[in-house]
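Chemist: generate a structure from the sequence data that follows.
(one chain, ligands or ions: 2)
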Amino acid sequence: MIKTVPTTPYMDQRPGTSGLRKKVPEFQQPNYVQNFIQSIFDSLEGYKGKTLVIGGDGRYFNPEAIQIIVKMAAANGFGKLIIGKDGICSTPAVSNLIRKKKTFGGIILSASHNPGGPKEDFGIKYNIGNGGPAPEKITEAIFARSKGIDRYRIEDFPDIDLGKIAAIERGGMAIEIIDPVKDYAELMEELFDFDAIRKLFKSGFRMVFDSMHAVTGPYGKEILENRLGAPEGTARNFRPLPDFGGHHPDPNLVHAKHLYDLVMSDKSPDFAAASDGDGDRNLILGRGIFITPSDSLAMLSANAHLAPGYKGGLKGIARSMPTSAASDRVAAKLGIGSYETPTGWKFFGNLLDAGMATICGEESAGTGSNHVREKDGLWAVLLWLNILAVRGLSVREVAEDHWKTYGRNYYTRHDYEAVKSDAAHKLMSELTAKLSSLPGQSFGKDKVEKADDFAYHDPVDHSVSEHQGIRIFFEGGSRIVFRLSGTGTEGATIRVYIERYEADPARLDLDTQKALADLIAAAGKIAGIKAHTGRDRPSVIT
Ligand code: G1P
Ligand code: ZN
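Modeler: Ligands and ions are numbered 1, 2, ... in the order given. Below you'll find the predicted structure:
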């Protein structure tokens, strides 16, 4: 039976870079989830009788949220739900299901790489029929609706069993509980040369894939070990846990330091990789080397034609603005389009849909292609494997060959986390105010060429997104970017992105932080980081 329940609005349900992210106790407030879900449904048109995919990364509160959404979807008139067994489905796999099954859209329950648990993070994100995150037009409509909501609709049938693959019916709505891995694994088999990778493993090549107790566990186990014949033990930490074993499921050099230490030791496998909470990020390591995500984007783009899914070449490469310009050099050499978008995967959707870009990437360990409309961690790992198998080179050899050809964009990101929100905003507004006075000023040997506040003009729908980060360009191609995170759940996070281009063959193998030391100091000075935040050093360096 459908119930219409009166409710009062919460004023803080504005989706950020990637959906609504809050601490679990905030989501547990009375009707908090219900309000947001009803606001999503109220902002959509034409979904009656249509299908919705629901998947989550398995974190704490995932099953509870799914049960609420199931009952609300039935009450609001959806015709069918497709849900991953145990409520689990990686973000790229949800995107694939939406596309493959031509559903109306999907809801992803995740806070990505943020920790999980009763006091940790949770998130809800709506994806549209192309499989990608809802564009700002929709997220803003959801937010507007959430501020005026006064009732929601819900069925009162008992909780469904998420643990069994089955086709059932509740409240006049069909529900399919499916194996979340199968369709995704089939897509990967279409894109990559599984025979070549199988041979590589047979020849003794060894890798470690660390799922960090998050959603890619079952995917890594099935694809790498069962389908590609990698030895048992290749997939590590492959059981998804609601609290990710107490760790941050963030595949970076801080939270996956054990992998970095492994490849720097004499026990290094040939290749090591990890993915995050919901499976859309990646970490790529080889014996004795870490590949920055910006470099990985460039290297994957330069070699993608070696994989069957990309043998016709690429249409274009898109990167988020703070991502290094390494991929621009590849696009220039290939004579294809190169695009610079604001931070957040949603901005790639139009370029992918319009066939203007084939591969996209962000410095924050996100890489993907037109096969889905989300970034895809395992996809990046498999493309690397495909390239290594075909070229017969090590990860380091692929990187060194790349730098020799294109030069190297030394790159780092410094994050100042949980800064007082006022202080962070003041830093940004003071920086903005002095933009016009920066050109011509020198910091050490680096002279500012221009500085601006990045605004994106979408070449497909001509929408404009302003205030997407402060850019300071130096003569010779170096760059510093400042922006505030849009995914944090505590205070504000200031991100500082620093890049220097180096073409001198004798200077291609420097330590990144040392190669960037002058620019790092310049960034501190230009923005007055210490004065504003009281911090001597960043909380995280990647
Ligand atoms: C961060 C990353 C961004 C990524 C997003 C979602 O957003 O910087 O590249 O798309 O997470 O995974 P931010 O916190 O910087 O707004
Ligand atoms: Zn993620």
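Chemist: point out where the protein drops to low pLDDT.
Modeler: Across the chain, the ranges flagged by pLDDT under 70 are 489.
Chemist: count the residues that sit near the one residue in the chain that gets nearest to ligand 2.
Modeler: Among the residues of the chain, residue 112 lies closest to ligand 2, at 3.2 Å counting by Cβ to the ion. The C-beta positions use only the backbone N, C-alpha and C, and glycine is treated the same way. Burial of residue 112 is recorded as 27 neighbouring residues (other Cβ atoms under 10 Å).
Chemist: do residue 423 as well
Modeler: For residue 423, using other Cβ under 10 Å, the count is 18.
Chemist: which SSE is residue 20 in?
Modeler: Applying DSSP states H and E as the criterion places residue 20 in strand 20-23.
Chemist: so is residue 153 in a helix, a strand, or just coil?
Modeler: strand (DSSP: H, G, I helix; E, B strand; the rest coil).
Chemist: before we move on, what about the one 10 residues further on?
Modeler: Judged by three-state DSSP, the three-state class of residue 163 is coil.
Chemist: for the residue nearest to it when sequence neighbours are not counted, give me phi and psi.
Modeler: Leaving aside its sequence neighbours, residue 163 sits nearest to residue 86 (Cβ to Cβ, 6 or more residues apart in numbering; 5.8 Å). The phi/psi pair for residue 86 (degrees, to the nearest 10) reads phi 60, psi 20.
Chemist: measure residue 86 to ligand 1 for me?
Modeler: 23 Å (Cβ to the nearest ligand atom, to the nearest Å).
Chemist: for that residue, what are its contacts?
Modeler: Contacts here follow Cβ atoms under 8 Å, 6 or more residues apart in numbering; on that basis residue 86 touches 58, 63, 162, 163.
Chemist: of those, which is the most crowded?
Modeler: Busiest of the contacts of residue 86 [other Cβ under 10 Å] is residue 58, holding 28 neighbours.
Chemist: quick one: residues contacting residue 312.
Modeler: residue 305.
Chemist: now it, what's its secondary structure?
Modeler: coil.
Chemist: state the distance from it to ligand 1.
Modeler: Residue 312 is 28 Å from ligand 1, by Cβ to the nearest ligand atom.
Chemist: now that residue: how far from residue 206?
Modeler: 32 Å (Cβ to Cβ, to the nearest Å).
Chemist: strands of the stretch 251-400 of the chain, start to end?
Modeler: Using DSSP state E, counting those that start in this stretch, the strands assigned to the stretch 251-400 of the chain run over residues 271-275, 282-286, 289-291, 316-320, 337-341, 359-362, 366-369.
Chemist: which stretch among those strands comes nearest residue 446?
Modeler: Nearest of those to residue 446, taken as Cβ to Cβ: strand 337-341 at 21.3 Å.
Chemist: packing partners of that closest one?
Modeler: For strand 337-341, the packing partners by 3 or more Cβ pairs under 8 Å, 6 or more residues apart in numbering; DSSP states H and E come out as strand 316-320, helix 326-334.
Chemist: what's near enough to touch residue 80?
Modeler: Applying Cβ under 8 Å, 6+ apart, the residues near residue 80 are 50, 51, 52, 173, 174, 175, 176.
Chemist: of those residues, buried ones?
Modeler: Listed as buried from the contacts of residue 80 are 50, 51, 52, 173, 175; burial here means 16 or more other Cβ atoms under 10 Å.
Chemist: now the fourth one: phi and psi?
Modeler: Geometry field for residue 173 lists phi and psi as phi -120, psi 140, criterion degrees, to the nearest 10.
Chemist: okay, now the residue nearest to it when sequence neighbours are not counted: neighbour count?
Modeler: Among residues not flanking residue 173 along the chain, residue 74 sits closest, at 4.3 Å (Cβ to Cβ, 6+ apart). Counted with other Cβ under 10 Å, the neighbours of residue 74 add up to 24.
Chemist: wait, residue 74 touches residue 171, no?
Modeler: Yes. Residue 74 lies in contact with residue 171 (Cβ atoms under 8 Å); the separation is 3.6 Å.
Chemist: are there residues contacting both of the two? Which ones?
Modeler: 2, 155, 157.
Chemist: among the residues you listed, which ones lie close to ligand 2?
Modeler: Contacts with ligand 2 are made by none of the shared contacts of residue 74 and residue 171, judged by Cβ under 5 Å from the ion.
Chemist: who wins for most neighbours among these?
Modeler: residue 155 (18 neighbours).
Chemist: wait, it sits on residue 3?
Modeler: Yes. Assessed by Cβ under 8 Å, residue 155 is found in contact with residue 3 at 7.5 Å.
Chemist: pretty sure residue 164 contacts residue 176?
Modeler: No. Shown here, residue 164 and residue 176 do not form a contact pair, counting by Cβ under 8 Å, at 11.4 Å.
Chemist: for ligand 1, what are the nearby residues on the protein?
Modeler: Proximity of the chain to ligand 1, by Cβ under 6 Å from any ligand atom, involves residues 17-18, 112, 320, 343-345, 362, 364, 366, 485-487, 495.
Chemist: rewinding a little: mind checking which of the buried ones among the contacts of residue 80 are in strands?
Modeler: Mapping the buried ones among the contacts of residue 80 onto strands (DSSP state E) picks out 51, 52, 173, 175.
Chemist: restrict these to those near ligand 2?
Modeler: Counting by Cβ under 5 Å from the ion, no member of these reaches ligand 2.
Chemist: between these, which is closest to residue 212?
Modeler: Nearest to residue 212 among these, with distances taken as Cβ to Cβ, is residue 52, at 28.0 Å.
Chemist: hang on, residue 290 packs against residue 251?
Modeler: No. Counting by Cβ under 8 Å, residue 290 does not reach residue 251; the two are 11.2 Å apart.
Chemist: among the two, which residue is more densely surrounded?
Modeler: Taking neighbours as other Cβ under 10 Å, residue 290 and residue 251 compare with residue 251 leading, 28 against 21.
Chemist: would TSV of the contacts of residue 80 with distance to residue 137 be doable?
Modeler: TSV is the format used below for those (distance: Cβ to Cβ, whole Å):
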residue	distance to residue 137
50	20
51	22
52	20
173	28
174	30
175	30
176	30
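Chemist: any idea which of those is closest to ligand 1?
Modeler: residue 52 (22.1 Å; Cβ to the nearest ligand atom).
Chemist: thought that closest one was touching residue 104?
Modeler: Yes. Residue 52 lies in contact with residue 104 (Cβ under 8 Å); the separation is 6.0 Å.
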